[in-house]
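Enquirer: Fold the following.
(2 chains)
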Amino acid sequence: MVFTRQKVKKIITLMLVGMFILGLSFSMANAQKISVTIWDGFTEGASDRACEEIYASFEKLHPQVQILRQAVGTSEQMHPLIKPALSSGTGPDIINDLTAGGYWRHLAKAGLLLPLDTFYEEYGWNERIFPWSKPLTTLGGHVYGIADELEFIGVYYNQDIFKQMGLSVPNTYQEFLGVCEKLKSGGYIPIAFANQAKWPAYHQFSIFVNNLIGAEKTGEILFGNGRWDTPEVEKAIKLFFVDMYGKGYFIPGTNGVTYDDGNMLYYAGRAAMHITGTWLLGSIEEYVKDFETGFFYFPSIEGRPIAPPAGFGSAAFISSATARPEVAASILNYRYTESAARIWLGEGKRIAPISFDTTGLELSPLMSFVVQSLSDVVEKGFSMGYNIDIYAPTNFNLMQGDGFQAVMAGQKTPREQAADLQTEWEKAKEMGLIE
Amino acid sequence: MTRSRYWRNNLIGYSFIFFPFLVYVIFVLYPVFGTLQLSFTNWDGFERVKHFVGMANYVRMWKDPFFLKSLYHNLIWILIGTSLPIVIGLPLAVILWSGVKGFQVFRTIYFMPLVLSSVVVGIIWGWIYNPVFGIANEFLRMIGLNSLTRAWLGDTSTALPALIIAAAWQYYGFCVIIFLAGLQNVDISLIDAAKIDGANSLQRFFYVIVPQMRNVLTMIILYTLIGGFKVFDLVFVTTRGGPAGATELLATYLFKQAFQINYVGYAAAIAIVLAFFVIVVSVLFIRLRERIA
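Expert: Numbering: from 1, shown residues only, chains lettered A, B, ... in the order given. Here you go, the predicted structure:
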């Protein structure tokens, strides 16, 4: 076949026209679609993949909806962006943000978030979603979001080191100290506590407060008229930030070591235990190949019942400026169905706030343990404590961060820190940030 | 010249400066005056209404121990952080200028840290200072100075100096390059004359070279001075103002107030005071230098 110049011209023209028609029909098809924008902080591999999968399956079921998802990053990156975006009415339709510090409360107070009370009724979320997640996203009598990522805080431990040193899982605080001492003398860092970012200290505080005064009294401080400036809270601060720090059970210079570096020391087998949340499960499964990891809840202190801190790491909200509140709500509704929750757990290693069947999911022994703990909470009424920072306002959390560093540096006493925490709590109450 | 002819003759000139001026108004003047306006309110960054509180934010600032502590840290940063890269950079530039072999290579090596973003520099120095695997402590152990090993960024007494060293490392190469450019204008005949008069190399450096570098020195000092007031990224990446506020600077404190606690009005007042300091210190320095000259 001979290609004359004329023929080539014809072919090119036909191709261009074809491409134009294709492009036009594609853009017309897209123009007919309803776009919903979502900003979230799920940048890490497993959760990012899971989000994509969930939203893709939603789009398959609702071909007229196009989800434009943006994984913005941590709350430090998200907050400076979300504020002007929502205020100017150009922000996303759905926002998924960390619950810690209660940044959403500021947005809700300013009328930038949509109250979801009617959708809770319409979609039956009141029945389907764990009712104890609701107070976390409630302000002024309205519920503004759906709390997500059920998390526990406990102790990961290197089973190989424990076996090698003849250690067993401690049942009491004294036994725990004994384990730390043996690990230290064996040349290991007992606890991979790395506090440069300051927030890891929040979780240690939560463990000690809950285990010392119990979940009920902790709840009274968070939701009632309890106080932080009490001898029990002072003791909680002292046990971890003065006593254990003084005995050298943490990474040396813990206040200058990043959380990621702390994780590395655990993954590399240099630190034998890591007191942190179940959000690290995915990374531990991905990076730890040379030893087995076990998990236990921080043991009883002075014979009191344990109350491991639990909470919801993030929550989903709808912008009050959205032009498509029904579509946004239907996306949230899908996110918290059984099929989406299975993807969220199986792929994302995160737990949705609903009861669902995990049969058939390939879960590691560690993840199975966490899921079992959750069903114990739901079915057997096993008492979990409160992860304080997710219920607390930002000013309180900042005082936690700076204050605990100061206590470890010997610049502040536990009593002074407890008093400062109470002051910040009262300030937040005055500002209407605490119910 | 009549007024209309003046405008006709200069229209093209004005049209050239109009757009840059417009950009300046939109992106500099408007935000500056907006910040000034916010500094008299207690706005939290969300509410539609901004309540006027007069000078309350400014009064509060001088009673706020965290603000005063941050200001003190900034002053230390400015004093040491300004002088250190200059003290290192100027002699290095003179040595290179005097005809050292491998001039290009050294110049590139010295300048390299400046090409890196402060975030990268922060991560690198975070590893260097890491108390468990950092090379700073490894080096001290290697030469038998175990007693000096410490958690450089985790210790309240060493965190700030450690960060200033990291900042000086990033910045001294820039000083070397600027000084090298300035040295091209140094009058060699004066150096030769000083040599004939019997001045040794130190005397030639201090009495002949440095006075001729006055303008370059002024520029560098001003630049580092202003930089010293607005340091943020390096601190934020490495310590976030910790441990226990030991490295809190005005910019990190301002960020915390504006974007974490949402005291936007108060943060705006801090920003205005910060700008005021920069302007006052810069003007004073230039006046002082002119007087000495």
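
Enquirer: nearest spatial neighbour of whichever residue of the stretch 151-293 of chain B sits closest to chain A, skipping sequence neighbours?
Expert: Closest to chain A within the stretch 151-293 of chain B is residue B:151: 1.7 Å, counting by C-beta to the nearest C-beta. C-beta: built from backbone N, CA, C; applies to glycine. Spatial nearest neighbour of residue B:151, chain neighbours left out: residue A:253 (1.7 Å); criterion: C-beta to C-beta, 6 or more residues apart in numbering or on different chains.

Enquirer: How many residues are close by the one you found?
Expert: A count of neighbours around residue A:253, defined by other C-beta atoms under 10 Å in any protein chain shown, yields 26.

Enquirer: Near chain A, which residues of the stretch 51-200 of chain B are found?
Expert: With C-beta under 8 Å from any C-beta of the partner chain as the criterion, the stretch 51-200 of chain B meets chain A at residues B:126, B:129-132, B:150-156, B:159.

Enquirer: Next up, the contacts around the residue of the stretch 151-293 of chain B closest to chain A.
Expert: When contacts are counted by C-beta atoms under 8 Å, 6 or more residues apart in numbering or on different chains, residue B:151 touches A:252-257, B:129, B:131, B:158.

Enquirer: just residue A:285 next, same as before
Expert: Contacts of residue A:285 were listed using C-beta under 8 Å, 6+ apart, and they are A:349, A:364, A:366-367.

Enquirer: pLDDT weak spots in the stretch 251-400 of chain A?
Expert: When the per-residue scores of the stretch 251-400 of chain A are filtered using pLDDT under 70, the ranges that remain are A:377-382.

Enquirer: And the residue of it closest to chain B?
Expert: Nearest residue of the stretch 251-400 of chain A to chain B, counting by C-beta to the nearest C-beta: residue A:253, 1.7 Å away.

Enquirer: Tell me the spacing between that residue and residue B:147.
Expert: 15 Å (C-beta to C-beta, to the nearest Å).

Enquirer: For residue A:185, give its distance to chain B.
Expert: According to C-beta to the nearest C-beta, to the nearest Å, residue A:185 stands 18 Å off from chain B.

Enquirer: count of residues packed around that residue?
Expert: Neighbour count of residue A:185, defined by other C-beta under 10 Å: 10.

Enquirer: Show me which residues of chain A are close to chain B?
Expert: On the criterion C-beta under 8 Å from any C-beta, chain B has as its neighbours in chain A the residues A:76, A:79-80, A:83, A:87, A:101, A:106-107, A:109-112, A:189, A:196-198, A:251-258, A:261, A:265, A:270, A:394-395, A:398, A:401-402, A:405-406, A:408-409, A:411-412.

Enquirer: Which of these fall within helices?
Expert: In this view, the residues of chain A next to chain B that belong to helices under DSSP state H are A:76, A:79-80, A:83, A:87, A:106-107, A:109, A:261, A:265, A:394-395, A:398, A:401-402, A:405-406, A:408.

Enquirer: what's the helix or strand for residue A:19?
Expert: Secondary structure here is read from DSSP states H and E; on that basis residue A:19 sits in helix A:5-32.

Enquirer: hmm, back to that, and of the contacts of residue A:285, the nearest to residue B:277?
Expert: Ranking those by separation from residue B:277, with C-beta to C-beta as the measure, puts residue A:349 on top at 48.5 Å.

Enquirer: Specify the local secondary structure of the residue lying closest to that closest one once chain neighbours are set aside.
Expert: Leaving aside its sequence neighbours, residue A:349 sits nearest to residue A:282 (C-beta to C-beta, 6+ apart; 3.6 Å). Using DSSP: H, G, I helix; E, B strand; the rest coil, the three-state assignment for residue A:282 comes out as helix.

Enquirer: ranking the contacts of residue A:285 by neighbours, who comes first?
Expert: Within the contacts of residue A:285, residue A:349 tops the neighbour count with 26 neighbours, counted by other C-beta under 10 Å.

Enquirer: quick one: which helix or strand includes that residue?
Expert: Under the criterion DSSP H and E, no helix or strand holds residue A:349.

Enquirer: Repeat that for residue A:263.
Expert: According to DSSP H and E, residue A:263 maps onto helix A:259-267.

Enquirer: Quick one: list the elements packing against that helix.
Expert: Counting contacts by 3 or more C-beta pairs under 8 Å, 6 or more residues apart in numbering or on different chains; DSSP states H and E, helix A:259-267 packs against helix A:199-223, strand A:271-277, helix A:281-287.

Enquirer: In TSV, list the ones you listed along with distance to residue A:138.
Expert: Converted to TSV, the helices and strands packed on helix A:259-267 look like this (distance: least, C-beta to C-beta, whole Å):
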stretch	distance to residue A:138
helix A:199-223	11
strand A:271-277	23
helix A:281-287	28
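
Enquirer: Pick the most buried one from those.
Expert: Of all the helices and strands packed on helix A:259-267, strand A:271-277 has the most neighbours on average by mean count of other C-beta atoms under 10 Å in any protein chain shown, namely a mean of 24.

Enquirer: Next, count neighbours for residue A:430.
Expert: For residue A:430, the number of neighbouring residues by other C-beta under 10 Å comes to 9.

Enquirer: Equivalent analysis for residue A:258, please.
Expert: A total of 22 residues lie near residue A:258 under the criterion other C-beta under 10 Å.

Enquirer: close enough to count as contact, it and residue A:195?
Expert: No. Here residue A:258 lies out of contact with residue A:195, judged by C-beta atoms under 8 Å, at a distance of 9.3 Å.

Enquirer: What backbone torsions are found at the residue nearest to residue B:151?
Expert: Backbone torsions of residue A:253, given as degrees, to the nearest 10, read phi 70, psi 40.

Enquirer: Pull the contacting residues for it.
Expert: Residues in contact with residue A:253, defined by C-beta under 8 Å, 6+ apart, are B:131, B:150-155.

Enquirer: Taking these together, which two end up most distant?
Expert: Distances among the contacts of residue A:253 were taken as C-beta to C-beta; the most separated pair is B:150 and B:153, at 9.7 Å.

Enquirer: between the two, which one's more packed in?
Expert: Under the criterion of other C-beta under 10 Å, the comparison of residue B:150 against residue B:153 puts residue B:153 first, with 30 against 19.

Enquirer: A helix includes the more buried one, no?
Expert: No. When the secondary structure is assigned by three-state DSSP, residue B:153 falls in coil instead of a helix.
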